[in-house]
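Take a look and give me a structure for this.
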Amino acid sequence: MKKQTKNQLSTITVGYRKRQRRYVFTALTLLFLTFALACIMMIYGNTIYSPKTVLKVLSGEDVEGAVFTIRTLRLPRMLTAILCGLAFGMAGNTLQQLLGNPLASPDIIGVTSGASVAAVFGILVLKLNGGTVSLMAVFSGLLVSVLIYFLSQGGGFSNARLILTGIGMQAFLSAVISWMLLKASEYDVANALRWLSGSLNGVKLENIPRLALVVFGAGGAILLLNRQLSMLQLGEAHAVTLGVSVRRIRLTLILLALLLVAFATSVTGPVASVAFLSGPIATRLSGNGKNGMLTSALTGSTLVLASDLIGQFALPSRYPVGVVTGILGAPYLLFLLLQMNDKGEHV
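Numbers count the residues shown, from 1 in each chain. Just a heads-up that it's a prediction; the model follows:
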């Protein structure tokens, strides 16, 4: 009996270590891909610079003809792609794991629409731009997120009620955005549509410190709560037995995820499907044994960097990053809905 128990424990240990190795390998591979794509973004463009020239410019040297392109255009674009990818990837995976539903993505349950409606209002009605529009998007995104959460509280918290409330809110806000676009002048509509498409064009270096502070602050807090999130996935009864303050941890994780989405969206606009795709892709790569928070974040960065390069240089015309990620996300959404229908699952 003791020998049988020892063999079972040995099998469990071997399996655990195998999953650990796979997870570490996946994380390191995604980190390498992110670094490689970031380097390509800095080197490649209408003018191709050598790595040596890029390093000289980044170290502060004044290389004629390269300083503006590298420091003002490519560096903010690359850093924003990485940070927003981290934010969208981690936020999407947090909500999907917490609510136990692959449809619980910020761009499906109305969070990004909350930021978008304020930005479009600022551009079309108030004739604002730049930092003021971003600030409005942040506050509106957070306000709509809180509203969705409290509207879904009737009779106690329910994952399905939160998702359905979010989908309804997204439909309403999308209708409001469409109405504003129809009423606006043609010139203003072009500016609003550029923002709504989700784009890295025009991002500035001064936006980076604030975005980085939120991404690493909120993202770090989510990683610290990762163990409690894993316990919540076992069910409320088990989580309470293990000493988790369910309501407090759930609310904290939701607010942290929404904070990431609101700030990222305020800088780039709603980059479609990154939050939706990152978690499932990371899970497929690293296995089902972990909730893959770190790998989801790195997958988000890889998706944004790769999609921007594809949109800029691999297609006949140049497209914003949100168009490419939206194209990637649409087939997966259809596949997911068909899969859920075959299994008889509900939202």
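
Could you use CA atoms for every contact and neighbour count after this?
OK.

show me what contacts G322?
By Cα atoms under 8 Å, 6 or more residues apart in numbering, the contact set of G322 is S197, G198, S199, P270, V271, A272.

Return the closest of those with respect to M41.
Distances from M41 to these, taken as Cα to Cα, are shortest for S199 (14.9 Å).

Hmm, T29 and S286 touching each other?
No. S286 lies out of contact with T29 (Cα atoms under 8 Å); the separation is 10.6 Å.

ranges for the helices of the stretch 101-250 of the chain?
111-124, 131-151, 159-183, 186-196, 208-224, 226-232, 236-241, 246-268 (DSSP state H, counting those that start in this stretch).

Which of these has the highest mean neighbour count?
Across the helices of the stretch 101-250 of the chain, the average number of neighbours (mean count of other Cα atoms under 10 Å) peaks for helix 111-124, which reaches a mean of 26.

from the chain's centre, how far out does stretch 279-293 sit?
15 Å (Cα atoms, centre = their mean, to the nearest Å).

now swap in stretch 85-102 and tell me
The chain centroid and the centroid of stretch 85-102 are separated by 8 Å under Cα atoms, centre = their mean.

before we move on, back to that, between the helices of the stretch 101-250 of the chain, which one is closest to L336.
Closest among these, using Cα to Cα: helix 159-183, at 15.6 Å.

and the two most separated of the contacts of G322?
Going by Cα to Cα, the pair spanning the contacts of G322 furthest: S199 and A272, at 10.2 Å.

before we move on, the earlier item: please say which of S286 and T29 ends up with more neighbours.
Neighbours per residue (other Cα atoms under 10 Å) separate S286 from T29, with S286 holding more: 23 against 14.

List only those of the contacts of G322 flagged as buried.
S197, G198, S199, P270, V271, A272 (16 or more other Cα atoms under 10 Å).

What score does the residue nearest to P102 when sequence neighbours are not counted have for pLDDT?
Spatial nearest neighbour of P102, chain neighbours left out: Q96 (5.3 Å); criterion: Cα to Cα, 6 or more residues apart in numbering. What the model reports as pLDDT for Q96 is 87.

Now do the SS call for Q96.
helix (DSSP: H, G, I helix; E, B strand; the rest coil).

quick one, what contacts it?
Shown in contact with Q96 (Cα under 8 Å, 6+ apart): P102, L103, A104, S105, G279.

got a winner among those residues for most neighbours?
Counting by other Cα under 10 Å, top hit in the contacts of Q96: G279 with 32 neighbours.

quick one on the thing from earlier: go through the helices of the stretch 101-250 of the chain and name the closest to F35.
That would be helix 208-224 among the helices of the stretch 101-250 of the chain, by Cα to Cα, at 16.9 Å.

what's the helix or strand of the chain with the lowest mean pLDDT packed up against?
Within the chain, judged by mean pLDDT, DSSP states H and E, the helix or strand with the poorest mean is helix 236-241; its value is a mean of 74. Packed against helix 236-241 by the contact rule (3 or more Cα pairs under 8 Å, 6 or more residues apart in numbering; DSSP states H and E) you find helix 226-232, helix 246-268.

Lowest average pLDDT across the ones you listed?
helix 226-232 (a mean of 84).

Distance check, the residue nearest in space to the middle of the chain against Q20.
In the chain, the residue lying closest to the centroid (Cα atoms, centre = their mean) is F88, at 0.9 Å. Distance from F88 to Q20, counting by Cα to Cα, to the nearest Å: 24 Å.

swap in I167?
Relative to Q20, and taking Cα to Cα, I167 is found at 36 Å.

for S296, same thing?
16 Å.

Please, which helix or strand holds the nearest residue to S286 once chain neighbours are set aside?
Of all residues not flanking S286 in the chain, Y23 sits nearest, at 4.8 Å (Cα to Cα, 6+ apart). If you go by DSSP states H and E, Y23 is part of helix 2-43.

Check which element follows that helix along the chain.
Downstream of helix 2-43 (by DSSP H and E), the next one is helix 51-58.

how about the helices and strands packed on helix 236-241, which one is nearest D62?
Nearest of those to D62, taken as Cα to Cα: helix 246-268 at 28.4 Å.

Extract the CA atoms of that closest one and return them as PDB.
C-alpha atoms of helix 246-268 as PDB (Å, rounded to 0.1, in the frame of the first residue of the first chain):
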ATOM      1  CA  VAL A 246     -14.200  35.700  -2.300                       C
ATOM      2  CA  ARG A 247     -16.100  39.000  -2.800                       C
ATOM      3  CA  ARG A 248     -13.100  41.200  -2.000                       C
ATOM      4  CA  ILE A 249     -10.700  39.300  -4.200                       C
ATOM      5  CA  ARG A 250     -13.200  39.000  -7.100                       C
ATOM      6  CA  LEU A 251     -13.900  42.800  -7.000                       C
ATOM      7  CA  THR A 252     -10.200  43.600  -6.800                       C
ATOM      8  CA  LEU A 253      -9.300  41.400  -9.700                       C
ATOM      9  CA  ILE A 254     -12.100  42.800 -11.900                       C
ATOM     10  CA  LEU A 255     -11.200  46.400 -11.100                       C
ATOM     11  CA  LEU A 256      -7.500  45.800 -11.800                       C
ATOM     12  CA  ALA A 257      -8.300  44.100 -15.100                       C
ATOM     13  CA  LEU A 258     -10.600  47.000 -16.100                       C
ATOM     14  CA  LEU A 259      -8.000  49.600 -15.100                       C
ATOM     15  CA  LEU A 260      -5.500  47.900 -17.500                       C
ATOM     16  CA  VAL A 261      -8.100  47.900 -20.300                       C
ATOM     17  CA  ALA A 262      -9.200  51.500 -19.700                       C
ATOM     18  CA  PHE A 263      -5.600  52.900 -19.800                       C
ATOM     19  CA  ALA A 264      -4.500  50.800 -22.700                       C
ATOM     20  CA  THR A 265      -7.600  51.800 -24.700                       C
ATOM     21  CA  SER A 266      -7.100  55.500 -23.900                       C
ATOM     22  CA  VAL A 267      -3.700  55.400 -25.700                       C
ATOM     23  CA  THR A 268      -4.300  53.200 -28.700                       C
END
